[in-house]
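Chemist: Just need the structure, nothing else, for what follows:
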Amino acid sequence: MIPTTLHGAIDYLVALFLISAPYTLGFADGGAAQWATIGLGAFVLIYSLFTDYELGMVRILRFRVHLALDVVFAVLLLASPWVLNFSDRIWWPHVLVGIMGLVVAAFSARHPDRFSHVTGGSKPNLGDRRLK
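Modeler: Numbers count the residues shown, from 1 in each chain. The predicted structure is shown next:
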């Protein structure tokens with residue numbers, strides 16, 4: 001399992017990579033490829049800042065919800081070159097990071113390695129089946 005601290009570091013690195021990718025990889029032309037990449041990078045950054053894990057700043061979003069958002073993010077990123085019709089220009093960073101996002105979400109621990117701020121300092125109730 002990937003510890004949540006490592007998961008958080010990966011989140012911020014992915015956000016930084018995606019926001020900078022159009023400029024560093026040469027597709028900063030104001031088109032859909034640029035803005036989809038920057039927008040999804042900003043999305044990862046924002047929900048990571050609000051996640052209740054070791055590297056979260058505001059800590060109001062449960063980590064299990066964060067993992068669900070990771071899957072949504074990864075699927076959107078994977079599909080974006082074809083849905084937004086820029087696959088003839090650039091597609092590999094979207095596919096590579098999208099696949100990586102699915103793998104990281106699948107193999108990450110389901111709860112932070114410390115007491116949860118959102119649950120009032122208590123350990124998660126593993127018998128509770130609600131989305132947390």
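
Chemist: Show me the strands in this protein, by range?
Modeler: In the chain, no strands are found when defined by DSSP state E.

Chemist: Low-confidence regions, it specifically.
Modeler: 114-132 (pLDDT under 70).

Chemist: can you tell me which residues contact the residue nearest to Ala105 when sequence neighbours are not counted?
Modeler: Of all residues not flanking Ala105 in the chain, Asp70 sits nearest, at 4.0 Å (C-beta to C-beta, 6 or more residues apart in numbering). Every residue, glycine included, has its C-beta placed from N, CA and C. By C-beta atoms under 8 Å, 6 or more residues apart in numbering, the contact list for Asp70 reads Gly101, Leu102, Val104, Ala105.

Chemist: Please list only the buried members of those.
Modeler: The neighbour-count criterion (16 or more other C-beta atoms under 10 Å) marks Gly101, Leu102, Val104, Ala105 among these as buried.

Chemist: what's near enough to touch Tyr23?
Modeler: By C-beta under 8 Å, 6+ apart, no residues touch Tyr23.

Chemist: what does stretch 101-114 rub up against?
Modeler: 1-5, 7, 10, 14, 52-54, 63-64, 67, 70-71, 73-75, 77-78, 123-124.

Chemist: how about 6 Å then?
Modeler: For stretch 101-114, contacts defined as C-beta atoms under 6 Å, 6 or more residues apart in numbering pick out 1-4, 7, 10, 53, 63, 67, 70-71, 73-74, 124.
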